[in-house]
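Undergrad: Show me how the following folds:
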Amino acid sequence: TNAQTGSNPLTGLYCNINPGSQDIFVRASFTGSTACYSVTKFQLKINSLPLPNPVITDYELCDYNSSGDEEEVFVLNTKTA
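TA: As a prediction, the model looks like this:
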């Protein structure tokens, strides 16, 4: 109804009301001629954040090569497993 009448437009950032997915209605008109318009909708889908599987543990090393410089050389493929 709001899209049909041109009232209560969504402005700025929008936070969905329905979890998972929600229809958003759109009213498009020509500049200077609001009597000529079209209404349509699109579906806003909200996906949960993906979680790595298996859960990856932190990569912790001690500062041995130049003690106190807070840097250490590491090889990422040692975390492959």
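Undergrad: Run the chain-centre distance for stretch 67-74.
TA: Chain-centre distance of stretch 67-74: 35 Å, with C-alpha atoms, centre = their mean, to the nearest Å.
Undergrad: how long is that stretch from one end to the other?
TA: 15 Å (C-alpha to C-alpha, to the nearest Å).
Undergrad: which other residues reach that stretch?
TA: Identification of contacts with stretch 67-74 by C-beta atoms under 8 Å, 6 or more residues apart in numbering yields 59, 61-65. From N, CA and C alone the C-beta is placed, and that goes for glycine too.
Undergrad: do that again at 6 Å, thanks
TA: 61, 63 (C-beta atoms under 6 Å, 6 or more residues apart in numbering).
Undergrad: and what of stretch 46-58?
TA: Against stretch 46-58 from outside (C-beta under 6 Å, 6+ apart): Asn16.
Undergrad: May I see the buried residues of that stretch?
TA: By neighbour count with 16 or more other C-beta atoms under 10 Å, stretch 46-58 contains no buried residues.
Undergrad: Could you export that stretch as PDB, keeping only the C-alpha atoms?
TA: In PDB, the C-alpha atoms belonging to stretch 46-58 read as follows (Å, rounded to 0.1, in the frame of the first residue of the first chain):
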ATOM      1  CA  ILE A  46      19.600 -12.500   5.100                       C
ATOM      2  CA  ASN A  47      22.100 -15.300   5.400                       C
ATOM      3  CA  SER A  48      23.700 -16.200   8.700                       C
ATOM      4  CA  LEU A  49      27.500 -15.700   9.000                       C
ATOM      5  CA  PRO A  50      29.300 -18.800   7.700                       C
ATOM      6  CA  LEU A  51      31.400 -20.700  10.300                       C
ATOM      7  CA  PRO A  52      34.600 -22.600   9.200                       C
ATOM      8  CA  ASN A  53      34.300 -26.300   9.500                       C
ATOM      9  CA  PRO A  54      36.100 -27.600  11.400                       C
ATOM     10  CA  VAL A  55      36.600 -24.600  13.700                       C
ATOM     11  CA  ILE A  56      40.200 -23.300  13.200                       C
ATOM     12  CA  THR A  57      42.300 -22.900  16.300                       C
ATOM     13  CA  ASP A  58      44.400 -19.800  16.800                       C
END
